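Engineer: Could you work out the structure for the sequence below:
(one chain, ligands or ions: 2)
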Amino acid sequence: MHAELLIHADWMLPVDPQNRQLDGHAIAITAGRISAILPSAEARLSITAERVIELPGHLLIPGLINAHTHAAMTLMRGLADDLPLMTWLHDHIWPAEQRWVETGFVGDGTRLAVLEMLRGGITCYNDMYFFPEVTAQVTAEAGMRAVIGMILVDFPTNYAADADAYIAKGLAMHAHYRDHPLIRVAFAPHSPYAVSDAPFQRIRALADELEVPIHIHLHESRDEIRQSLQQYGERPIARLDQLGLIGPGLVAVHMTQLEDEEIRLLAATGAHVVHCPESNLKLASGFCPVAALSDAGVQVAIGTDGAASNNDLNLIGEMRTAALLGKGVAGSAAALPASEVLRMATINGARALGLDSEIGSLEPGKSADLVALDLRDSHTQPLYNPVSQLVYAADQHQVRQVWIRGQQVLRDGQPTRLDAEQILASAQAWGKRLAAT
Ligand SMILES: CSC[C@H]1O[C@@H](n2cnc3c(O)ncnc32)[C@H](O)[C@@H]1O
Ligand SMILES: [Zn+2]
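Structural biologist: Numbers count the residues shown, from 1 in each chain. Ligands and ions are numbered 1, 2, ... in the order given. As a prediction, this is how the structure comes out:
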């Protein structure tokens, strides 16, 4: 058998249905896809390859999927800390966005985010932000994968004046990226408190027609529930259910306020949940009952949220926080074992985004989106169990090589398609501008 690329690694966690750990295996890649996974000794005898890469001491995993981001908000990292969600959003972030967010801001902020995410082993992200066409373009140029939100809020912004304009711009972007190999598009109405019933109804009909997910902040804080009870006489999930939005296409982010009946509804309808543990902790929004959701059969993915509420886009760190917090919230050390948390950051994210036939695991036929981490560092030695080291001990700087569709986008920790120096210089220039106001 012939392959374009053959990679040998000491350990592989393919996140396959059997949850295997493969020691001393190789992965063969041709035309951007995984063509075989087999023991290295066998591969050396049976596969000829144009390029062979040996990775002793390394762990190979599927590319991580950051299931909820606002990429360009990297330029607001540390702008407003130590505040609860509604104060943070209404008094600081939305005014700053009104003042600063335009295409140049989104381009530079997204490039900084893409650089940070690739260096941390993230190969795909699910974004919700203004000027999403710019986010899409920057991401595609970097060779990265993303699901870009067709955003909607009830109020006018620098990006669009009203619901018609938000939807029209979103649909134009959807048409533009229809057959793109890296970019997909989803609806991204901000939240139940920022979107009224009529636009939700339009989005639901369009999402059904275009078969795209609906990505939304939902049940993020107690204030959101209180406000909804006051305004609509029901909790946000009940309202969205009335509007026909709770179903397998729903990607519900945060979900820190959940009653048992709501968990049953999510499970019965096949809705997806994205857990953002660090953002929820930092804004003191509440705790997502991840173990209870998972026991009920709800698929839970992991997201960082934006860098203004986290304050990084480090999904390896986020896995660790999710595992530790999940045990604390469930009152059980057995809750959220490391292998389950890795599934959340890979295959569950892929399922939430409707991309699980392409990405989320290392299996023949899937796209070659993969990450190699060097585990020879002091804090991941000695090594008894690779998945334990990855989730409980590894640092994102141990990510050394990243491939997306078989193309190397990070080599020895350095991006191959981005100018890191220029990205940092422009981030510093934005920082000076924002700090001066
Ligand atoms: C319509 S573009 C996205 C919008 O969402 C804001 N945002 C960022 N993080 C959060 C969060 O955790 N909850 C609610 N809204 C958030 C972002 O600043 C943009 O305005
Ligand atoms: Zn968010």
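Engineer: which secondary structure elements does the helix or strand hosting Y125 contact?
Structural biologist: Using DSSP states H and E, Y125 falls within strand 122-127. Contacts defined by 3 or more Cβ pairs under 8 Å, 6 or more residues apart in numbering; DSSP states H and E place strand 122-127 against strand 64-69, strand 145-152, helix 347-352. Where you see a C-beta, it was placed from the backbone N, CA and C, and this is true even at glycine.
Engineer: Now do the helix or strand that comes right after it, average pLDDT.
Structural biologist: Counting by DSSP H and E, the next helix or strand C-terminal to strand 122-127 is helix 132-141. Averaging pLDDT along helix 132-141 gives 98.
Engineer: Need the contact partners of helix 132-141.
Structural biologist: The contact list for helix 132-141 (Cβ atoms under 8 Å, 6 or more residues apart in numbering) reads 71-72, 103, 106-107, 110-111, 114, 125, 127, 129, 145-146, 148-151, 169-170, 173, 176-177, 180, 182-183, 185, 188, 417.
Engineer: Filter these down to the buried ones.
Structural biologist: Applying 16 or more other Cβ atoms under 10 Å to these, the neighbour count classes 71-72, 106-107, 110-111, 114, 125, 127, 129, 145-146, 148-151, 169-170, 173, 177, 182-183, 185, 188 as buried.
Engineer: Please list which of those are also close to ligand 1.
Structural biologist: Checked against ligand 1 using Cβ under 6 Å from any ligand atom, these yield the following neighbours: 129, 151.
Engineer: ok so, going back, highest average neighbour count across the helices and strands packed on strand 122-127?
Structural biologist: The highest mean neighbour count among the helices and strands packed on strand 122-127, using mean count of other Cβ atoms under 10 Å, belongs to strand 64-69: a mean of 30.
Engineer: Beyond it, next helix or strand please.
Structural biologist: Note on strand 64-69: by DSSP H and E, the next helix or strand toward the C-terminus is helix 85-87.
Engineer: which residue sits farthest out from the middle of the protein?
Structural biologist: L45 (38.3 Å; Cα atoms, centre = their mean).
Engineer: Could you pull up phi and psi at it?
Structural biologist: Per-residue torsions, L45: phi -90, psi -30 (degrees, to the nearest 10).
Engineer: Which neighbouring elements make contact with the longest strand along the chain?
Structural biologist: Secondary structure of the chain read by DSSP state E shows that its longest strand is strand 48-62. Strand 48-62 sits against strand 2-12, strand 370-374, helix 386-392, strand 399-404, with contacts defined as 3+ Cβ pairs under 8 Å, 6+ apart.
Engineer: Could you give the average pLDDT over it?
Structural biologist: Computed over strand 48-62, the mean pLDDT rounds to 98.
Engineer: Please apply the same query to stretch 426-437.
Structural biologist: Averaging pLDDT along stretch 426-437 yields 95.
Engineer: any residues touching that stretch, and which ones?
Structural biologist: With contacts defined as Cβ under 8 Å, 6+ apart, stretch 426-437 is touched by 74-76, 79, 96, 99-100, 105, 108-109, 111-112.
Engineer: Can I get it as CSV, trimmed to CA atoms?
Structural biologist: Taking C-alpha atoms only, stretch 426-437 is exported to CSV below (Å, rounded to 0.1, in the frame of the first residue of the first chain):
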residue,chain,number,x,y,z
SER,A,426,-1.2,44.1,15.7
ALA,A,427,-2.6,42.8,18.9
GLN,A,428,-0.4,45.1,20.9
ALA,A,429,-1.4,48.1,18.7
TRP,A,430,-5.1,47.2,19.3
GLY,A,431,-4.4,46.9,23.1
LYS,A,432,-2.9,50.4,23.1
ARG,A,433,-5.9,51.8,21.2
LEU,A,434,-8.5,50.2,23.6
ALA,A,435,-6.6,51.1,26.7
ALA,A,436,-6.4,54.8,25.7
THR,A,437,-10.3,55.2,25.9
